[in-house]
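In: Sequence plus the predicted model coming up.
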Amino acid sequence: ILASAVIPNTRVVLGFHGLETSHPFNGRHRILATAGVHTGARFTSVSYAGRRQLCEQGGIPRARIDVLPNGVDLSRFGGQDHARRERVRHALGFEENAFVISAVGSLTPVKRHDILLAALPRAARVIKNLKLLLVGDGPLRKVLYEQAREEGIQDKVTFAGTREDIPD
């Protein structure tokens, strides 16, 4: 934004990935959004919910916001042989017949792992061999672990922490 004020014809694109808290935009966010709008900036968001938040809380015109969803290179996750898959499942403590749901991401409020944990008991009544694999770490690890204990699902949730072997 500063560059566009000092250097003529500077294009500004501001990216929005979500807020790290469940609170709405604060004064600082609104000031930056307003400055961006006044300098002619384009905005990007990784989700339609983020675009809605930018419009409603940031006062940014919808036409100035492009949604660029996060991408996953599926070719990195396919074609693995059955034996390798079973080795990884065994190393993580999953039975052969476990139905595993996994979520990969930082354990922060914006990721809403709490909703996933809250839904797990109901889903586990339907899918008897259901397990949840949470890959990642962050400030909510202890809170989420405690939530799993309180929900009585700690035996169904594996907190794998930060991993470098995500495709496996």
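Out: That came through, no problem. Residues are numbered from 1 along each chain as shown.
In: For this structure, which element, helix or strand, carries the lowest mean pLDDT?
Out: Across the helices and strands of the chain, mean confidence by mean pLDDT, DSSP states H and E is lowest for helix 2-6: a mean of 81.
In: mind checking how far that one is from the chain centre?
Out: Between the mean C-alpha location of helix 2-6 and the chain-wide mean there is a distance of 32 Å, by CA atoms, centre = their mean, to the nearest Å.
In: can you check stretch 154-168 too?
Out: 15 Å.
In: Dump stretch 41-55 to CSV, restricted to CA.
Out: Listed in CSV are the C-alpha atoms of stretch 41-55, where the atom choice follows Å, rounded to 0.1, in the frame of the first residue of the first chain:
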residue,chain,number,x,y,z
ALA,A,41,-5.9,-2.7,-4.7
ARG,A,42,-7.3,-6.1,-5.7
PHE,A,43,-7.9,-8.6,-2.9
THR,A,44,-7.6,-12.3,-2.9
SER,A,45,-9.1,-14.9,-0.5
VAL,A,46,-8.6,-18.7,-0.3
SER,A,47,-12.3,-19.3,0.2
TYR,A,48,-15.7,-17.9,-0.5
ALA,A,49,-16.3,-17.6,3.3
GLY,A,50,-13.1,-15.4,3.4
ARG,A,51,-14.5,-13.2,0.5
ARG,A,52,-17.8,-12.8,2.5
GLN,A,53,-15.8,-11.8,5.6
LEU,A,54,-13.8,-9.2,3.5
CYS,A,55,-17.0,-7.7,2.2
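In: buried set for that stretch?
Out: By 16 or more other CB atoms under 10 Å, the buried positions in stretch 41-55 come out as Ala41, Phe43, Thr44, Ser45, Val46, Gly50, Arg51, Gln53, Leu54, Cys55. C-beta: built from backbone N, CA, C; applies to glycine.
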